[in-house]
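> Need a 3D model of the following:
(one chain, ligands or ions: 1)
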Amino acid sequence: MPAETPGPSVAFHGITKRFREGPPAVADVSLEIAGGCFVALVGTSGSGKSTLLKTINRLVQPTAGHVSIDGEDVTARPLPQLRRGIGYVFQNVGLFPHLTIAENIALPLRIAGDAVGDRVGAMLDLVELPRDIAGRLPAALSGGQRQRIGVARALVANPRLMLMDEPFGALDPVTRDSLGGAVHALHARLGLTTIMVTHDMAEALLLADRVLVMRAGRIVADETPDALLAGAGGDAAQALVAIPRGQAERLAQVKAAR
Ligand SMILES: Nc1ncnc2c1ncn2[C@@H]1O[C@H](COP(=O)(O)OP(=O)(O)OP(=O)(O)O)[C@@H](O)[C@H]1O
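Numbers count the residues shown, from 1 in each chain. Alright, predicted model coming up:
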C-alpha cells in the first residue's frame, strides 16, 4: 500500500482552550504541520498536549481559533466524515472486550457501512500479527499485541492522518521500543501525517521529524531532534532532553543510521 501523495497538512490557527477560570489549557497556538511529517508533541503532565491534539478530531472544541486539515476547517464536514479520515490511537486502546479481534478491527468499517472483505487479515499483516488471532478476545492478547490491534483498527479505513495520544504509555520498555519502530515504519510506508503526544522525550527524539514542546498551554520549542540534541529549544526543551541525555550517544547513532 505505498502512498502516492503524502498525508494532509494540519494547521492550528490561534487555538485557545479554556476549561474553567484561570490559565487556559491551550493558549493561542498557531502552527502548521506539513503533510507526511511525523510530529511529536512533548511536555510535562498538564501542559496541554492531549487537549491540543483532540482539537484536530474535534474531541475538544476550542474556545477560540480553528484547526484546518489541508486548508479545510475541521468543522466544514460532518463529524463522522472528518473522523473517518483520521486514525486515532490512545493509551490502552479501548478495544471492546466482548468483541473478537476481527470485530474490533472491522468496527470503523461496519459503522461506516463499508464492506469488510479481507481488510481484517490485511491489517493484521500490516501490524505484523498472525492472522489466526482474529477470533480471539482482547483479553487473550498481550498489552503490546492489543496496542498493535489499536493501530490496525485506527488504520483500517485508510486514513491519511494518524493521531496518537501516549500510544505506548502502558507498555514495558522493550515492547514500547519495538512498537515505536513499527509505527514509524508504517508512517513511512503509508505516507501518513502522524502527530504523537508523548511525555517521553527519548521516544520523540527517536521517532519524530519535528518535536513541539508544550509548557502551560503554549508551544515553547519547535525543533528537529538533531537541533534539540545539539542544545536548541530553550530551557523547557533542554530540561526534557536532559532526562534521556545519557542515551544521547545511542540516539545520535540511531538517527545517523536512518
Ligand atoms: N475535560 C477537561 N475538563 C477540565 N479540565 C481539563 C479537561 N481536559 C484537560 N483539562 C485540563 O487541561 C490541562 C491540560 O490537560 P492535557 O490533558 O491537555 O495535558 P497533557 O499535557 O496532555 O497532560 P498528560 O501528559 O498528563 O496527559 C490540565 O490542567 C487538565 O487538568
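
> Show me which residues of this protein are close to the ligand?
F19, A25, G43, S45, G46, S47, G48, K49, S50, T51, H199 (C-beta under 6 Å from any ligand atom). C-beta: built from backbone N, CA, C; applies to glycine.

> Count the residues that sit near the second one.
The one in question is A25. By the criterion of other C-beta atoms under 10 Å, A25 has 21 neighbours.

> and it, what does it touch?
K17, R18, F19, G48, T51, G217 (C-beta atoms under 8 Å, 6 or more residues apart in numbering).

> If we use 10 Å, what do you get?
Going by C-beta atoms under 10 Å, 6 or more residues apart in numbering, A25 touches 16-19, 46-52, 60, 63, 216-217.

> Can you tell me which of those residues are buried?
Neighbour-count burial (16 or more other C-beta atoms under 10 Å) applied to the contacts of A25 gives T16, K17, S47, G48, K49, S50, T51, L52, V60, A216, G217.

> what helix or strand does the third one sit in?
In this case it means S47. Using DSSP states H and E, S47 is not contained in any helix or strand.

> now could you export just the CA positions of the helix or strand where G65 lies as CSV?
G65 is part of strand 64-69, with elements assigned from DSSP H and E. Output in CSV follows, covering the C-alpha atoms of strand 64-69 (Å, rounded to 0.1, in the frame of the first residue of the first chain):
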residue,chain,number,x,y,z
ALA,A,64,-11.0,30.4,20.2
GLY,A,65,-9.3,29.7,16.9
HIS,A,66,-9.7,26.9,14.5
VAL,A,67,-7.9,23.9,13.0
SER,A,68,-7.7,23.1,9.4
ILE,A,69,-6.7,19.9,7.5
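
> Which secondary structure elements does it sit against?
strand 10-17, strand 26-33 (3 or more C-beta pairs under 10 Å, 6 or more residues apart in numbering; DSSP states H and E).

> Show me the residue sitting in the middle of this structure in space.
M164 (2.2 Å; C-alpha atoms, centre = their mean).

> any idea whether it is helix, strand or coil?
Secondary structure state of M164, per DSSP: H, G, I helix; E, B strand; the rest coil, is strand.

> Leaving aside the residues adjacent along the chain, what's closest to V116?
Nearest residue to V116, sequence neighbours excluded (C-beta to C-beta, 6 or more residues apart in numbering): A106, at 4.6 Å.

> Surely that neighbour forms part of a strand?
No - counting by three-state DSSP, A106 is not found in a strand; it is helix.

> Show me the helices in the stretch 101-250 of the chain, by range?
101-112, 119-126, 143-155, 173-190, 201-207, 225-229, 234-242, 248-257 (DSSP state H, counting those that start in this stretch).

> right, and these - which one's nearest R84?
helix 101-112 (6.1 Å; C-beta to C-beta).

> Which elements pack onto that closest one?
So helix 101-112, by 3+ C-beta pairs under 10 Å, 6+ apart, packs with helix 79-84, helix 119-126, helix 143-155.

> Give the buried residues for the shortest one.
Neighbour-count burial for helix 79-84, counted by 16+ other C-beta under 10 Å, picks out L82, R83, R84.

> repeat for stretch 26-42
Buried residues in stretch 26-42 (16+ other C-beta under 10 Å): V26, A27, V29, I33, G35, G36, C37, F38, V39, A40, L41, V42.

> I figured the second one hits F12, correct?
So the one you mean is A27. No - contact criterion C-beta atoms under 10 Å: A27 and F12 do not qualify, at 11.6 Å.

> Which residues are in contact with each of these two?
I219.

> need the helices of the stretch 101-250 of the chain in a markdown table with mean pLDDT and mean neighbour count, can you?
Putting these into a markdown table (pLDDT from 0 to 100; neighbours: other C-beta atoms under 10 Å) gives the following:
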| stretch | mean pLDDT | mean neighbour count |
| --- | --- | --- |
| helix 101-112 | 92 | 19 |
| helix 119-126 | 90 | 18 |
| helix 143-155 | 89 | 23 |
| helix 173-190 | 84 | 16 |
| helix 201-207 | 90 | 23 |
| helix 225-229 | 94 | 19 |
| helix 234-242 | 90 | 18 |
| helix 248-257 | 70 | 12 |
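
> No more questions from me, cheers.
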